[in-house]
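Visitor: here is a sequence with its predicted model. Questions after.
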Amino acid sequence: MNLQNLEDLIRASWDNSIRLLNESVANYRMGNFATSGFLAIASIEELGKFQALDKIWFYGPHLGLMGPHDQLDTDDLEFINQTILNDHIFKQHSSFRDEFFQDWARRFYESATQKEVEEDRQKFIYADVIKGRRDYRVSFPGQIHKSEAAKYINLISKHLLEQAKYVREGIVNYDQEFVNEMLLSKKFVTFLESINL
């Protein structure tokens, strides 16, 4: 993988996150709450991948960790990502915007990576036997309540609305211009505002 591959993957991760969100909302409106919840979690994960890869793409060359034609394997990417996540190095090479980004990104992804998310993912896909307070019961995706799916759809749509506001106010400016353009798009913001479930 080189920088061009990485940039293409960043674009694909963003586009896929938005596609999954669209499909999640469509399934929710059709009453397919388990499918909707699963797709919303997948959308959050793809957005997380976009954020992590975008940091690698931006900070890797600045930290002398990669050049435009370097071929990177999985170990290289992991090393770069861990180096960037090191607070000392990150702060050394960051502006106020980047420190602000680091704060809200951490808050968002902490709320989206709890153990509960993995348990819900399993619940959205598989029939299983679950231990309750007093006894065991069978759980299957057809029993999922709409509020369980709405929780994840609202999490990502509110996050994206917050980012749209920050881009509009000049607080945040993504290095990937297509992201700024989408977040400034009235059509996209209207879609996000219509989601509030």
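Guide: Thanks, I have it. Residues are numbered from 1 along each chain as shown.
Visitor: ranges for the strands of the protein?
Guide: Counting by DSSP state E, the chain has these strands, from start to end: 128-131, 136-139.
Visitor: low-confidence regions, this structure specifically.
Guide: Low-confidence segments of the chain (pLDDT under 70): 1-3, 58-114.
Visitor: can you do 90?
Guide: Within the chain, the ranges that satisfy pLDDT under 90 run 1-10, 13, 44-123, 125-144, 155-156, 158-159, 162-163, 166, 170-177, 195-197.
Visitor: longest helix of it?
Guide: In the chain, taking DSSP state H as the definition, the longest helix is helix 33-62.
Visitor: in that helix, what's buried?
Guide: Neighbour-count burial for helix 33-62 flags 33-60 (criterion: 16 or more other Cβ atoms under 10 Å). C-beta coordinates here come from the backbone N, C-alpha and C atoms, glycine included.
Visitor: and stretch 145-152, by the same measure?
Guide: Within stretch 145-152, the residues that count as buried by 16+ other Cβ under 10 Å are Glu148, Ala149, Ala150, Lys151, Tyr152.
Visitor: which residues touch Arg11?
Guide: Residues in contact with Arg11 (Cβ atoms under 8 Å, 6 or more residues apart in numbering) are Gln176, Phe178.
Visitor: how far away is it from Thr190?
Guide: Counting by Cβ to Cβ, to the nearest Å, the gap from Arg11 to Thr190 is 23 Å.
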